[in-house]
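In: Give me coordinates for this.
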Amino acid sequence: MPGRLLSRQNRIEMKELVGQKTVRKRSPTDRYFNLIEHAADGIAIVQDGVFKLVNSALVRMSGHDREELLGASFIKLLTPDCQQFVMQRYQDRLAGKEVPSIYEIKAATRDGGVRDIEINAALTEYEGRPADEVIIRDITERKRTEEALRKSEEKYRVLLTNLPQKIFHKDRDSIYVACNDNYAQDLKINADEIIGKKDYDFFPKELAEKYRADDRRIVESGRTEEIEERYVQDGQEQIVRTVKTPIKDENGNVIGILGVFSDITKCKRAEEREKQLQHELNVASRLASIGEMASGIAHEINNPLTGVIGFAQLLMSRDIPDDMRDDLEVINNEAQRVAKIVGSLLTFAHQREPMQEYVDINDITSKVLELRSYHMKVNNIQVVTQLAPDLPPTMADGNQLQQVFLNIILNAEQEMIKAHNGGKLSVKTEKIGSSIRVSFADNGHGISKENLDKMFNPFFTTRDVGDGTGLGLSICHGIVTAHNGRIYAESELGKGATFVVELPIVADTRQMEKPQVIEEEPLRKRAKVLVVDDEKAILDFLKRLLAEQGYDAETVEQANTALQRLHTKRYDLILLDIKLPGMSGIELYRHIETIDLALLKRVMFITGDVMEQLPGISSPKPERLTLVNPLILNS
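Out: Here you go, the predicted model:
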């Protein structure tokens, strides 16, 4: 405010304008004072620390009457803690020091309240002496708004900082407006360095163009999109889900994009594992069904095979022409082959709880190779085996080891077919110290050095999507580890791969015990034998076989008929089929217990099924029973 306008005459005119209601013609000076009086901010002249002039806005702001303010001390409007600060500012200005002209302090109102005010003070001249020209603005609401905004921003910052997701905010031109620290950490820079830049500044061109295309599509459509991506970071594959949401103004126009990145690698792995488990469950269910079906048809297959093999062997034992003998050998060998295939299928389809038993690793290896022999043959894969003849047996779960060997062989097949449309698989077993080593060497593409140590990690696979889940070798590793063994791979790219399984040799203490010798009366020539079976071919075969051995054999097709004979006749041996129409062989066995306990020692069960134990047999002890397939009776 120019000092020349603040003469005594002007002040008198100002008071007249404020206090009088009459209106007279105003000069330019009158209009100036009228402007001050109607200003929204408080305006005052302070001289020697007291108010010399105040306008209506300041009167309203303070809550005091105009007469109370005029002549009163300026610090009367201030809170006690601000009074010394303002007086010091006033004295510094009088001393010619450079001090800020605008500052914020607290003002006390008449009713005891406190207001935030902004003061703009400058030296001027009033009635020929120095004074302060002061503009006072009530900023209480502004400060409240700023504080609320600060708290809101702090909550926003804390929220963004502590969320595990990676969050960013871009404008509609894909320029970064904000992001949290988690997002910046992936780019290995500070969050502040991202603001104002684009994806092209941080990502490869191809990836940045993809992000830009996604952003443009969202801006144009105004719809939220969920995008799932896979990428490799520090040698590990990560799966990320990004949710991009358009930010709109009050008119519905898209002004930006909010993006939230979430690392869903573990979640996706869990989903994949769940799918794999479901697949394994379905496979197990199908295998169980196959096992039940195979168990049911084994009897039907093995019974006619018994007749074919048995009569072929009977004929070959006679004096027949060589050409006829050759034909019979073909019949016998092919029938034996069918029997072996049925046995292998039953073994692999059989489902049961894991159990430790005395196993022959060579036998397990041979069965697995036999199961895959046809497939490898038609795919031009040569199999070379070197199985140690003196390999000791060990305690293990045979079915689980079959699963391990089969998985390794399947992997080798696929690699060789992919590399050469064929190949060579070398399988070797050997005793190394106190362990058994089984190695499978193929001549496929081989495994790179960086992947060699990851082969047994869950979900790790080098194959295309859909060709594998990366769980097979992981499961194998778990099975071998559970056997206190180890599994590892040796390979070089272009030189094939060798998978090695090492198992400890564990003796079964039960096998080391000296078996109890049971002295039984040997069968004598012309001993009476009762054969109970519902297959006529088997009855005929066994009757002729026993007759040729010098035994007196009777045959019956039903258990009821056999029971009637047992009440009236004494037999030295009973060959009893388990599955019979009407009364089963097991039920007949229980009836024999009531007739003559001594006769139980003379019962030999015969069956075309593959069974581990006889159901429902409690006496005598299991080791005193014999379970035999009629296919081997003539061996």
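
In: Count the residues that sit near Thr306.
Out: 26 (other C-beta atoms under 10 Å). Bear in mind the C-beta positions are built from the backbone N, C-alpha and C, glycine included.

In: Give the phi and psi angles for it, as a check.
Out: Main-chain torsions, Thr306, degrees, to the nearest 10: phi -60, psi -40.

In: my guess is it contacts Lys536, does it?
Out: No - counting by C-beta atoms under 8 Å, Thr306 sits too far from Lys536 to count as a contact (11.5 Å).

In: Lys143 falls within a helix, correct?
Out: Yes - assigned with DSSP: H, G, I helix; E, B strand; the rest coil, Lys143 falls within a helix.

In: quick one: which helix or strand includes Arg115?
Out: strand 114-126 (DSSP states H and E).

In: Just give me how far that strand sits from the chain centre.
Out: Mean C-alpha position of strand 114-126 versus that of the full chain (C-alpha atoms, centre = their mean, to the nearest Å) differs by 67 Å.

In: Quick one: list the elements packing against that strand.
Out: Secondary-structure packing of strand 114-126 (3 or more C-beta pairs under 8 Å, 6 or more residues apart in numbering; DSSP states H and E): strand 42-47, helix 80-94, strand 102-108, strand 129-138, helix 140-162.

In: How confident was the prediction at Asn560?
Out: We have a pLDDT of 90 for Asn560.

In: Residue numbering should commence at 75 henceforth.
Out: Understood, numbering begins at 75; the last thing we discussed is Asn634.

In: Correct me if wrong: it contacts Gly656.
Out: Yes - contact criterion C-beta under 8 Å: Asn634 and Gly656 qualify, at 6.1 Å.

In: So for these two, which residue has more residues nearby?
Out: Asn634 (14 against 11).

In: any idea how far the more buried one lies from Tyr663?
Out: Plainly put, Asn634 is 14 Å away from Tyr663 if you go by C-beta to C-beta, to the nearest Å.

In: And for Arg618?
Out: Counting by C-beta to C-beta - Arg618 and Tyr663 are separated by 26 Å.

In: Comparing these two, which residue is more hemmed in?
Out: The neighbour comparison of Arg618 against Tyr663 (other C-beta under 10 Å) goes to Tyr663, with 21 against 14.

In: which phi and psi does the more buried one have?
Out: Dihedral angles for Tyr663 - degrees, to the nearest 10 - are phi -60, psi -40.

In: Could you report the pLDDT at it?
Out: On the pLDDT scale, Tyr663 gets 88.

In: and if you look at Asp538?
Out: At Asp538, pLDDT is 51.

In: In contact with the spatially closest residue to Ala182 that is not a sequence neighbour, which residues?
Out: Of all residues beyond its chain neighbours, the one nearest Ala182 is Thr153 (5.0 Å), with distances taken as C-beta to C-beta, 6 or more residues apart in numbering. Contact partners of Thr153, counting by C-beta atoms under 8 Å, 6 or more residues apart in numbering, are Ile179, Lys180, Ala181, Ala182, Val188.

In: Please tell me how far Thr153 sits from Gly186.
Out: In terms of C-beta to C-beta, Thr153 sits 11 Å off from Gly186.

In: same check, this time on Leu151
Out: Using C-beta to C-beta, which is the criterion applied here, Leu151 is 13 Å from Gly186.

In: go on, Ile179?
Out: Distance from Ile179 to Gly186, by C-beta to C-beta: 17 Å.

In: The two: which has the busier surroundings?
Out: Counting neighbours by other C-beta under 10 Å for Ile179 and for Gly186 shows that Ile179 has the greater number, 19 against 7.

In: how many other residues sit next to Val501?
Out: Val501, neighbours per other C-beta under 10 Å, totals 22.

In: scratch that, Glu431
Out: Around Glu431 there are 13 other residues, counting by other C-beta under 10 Å.
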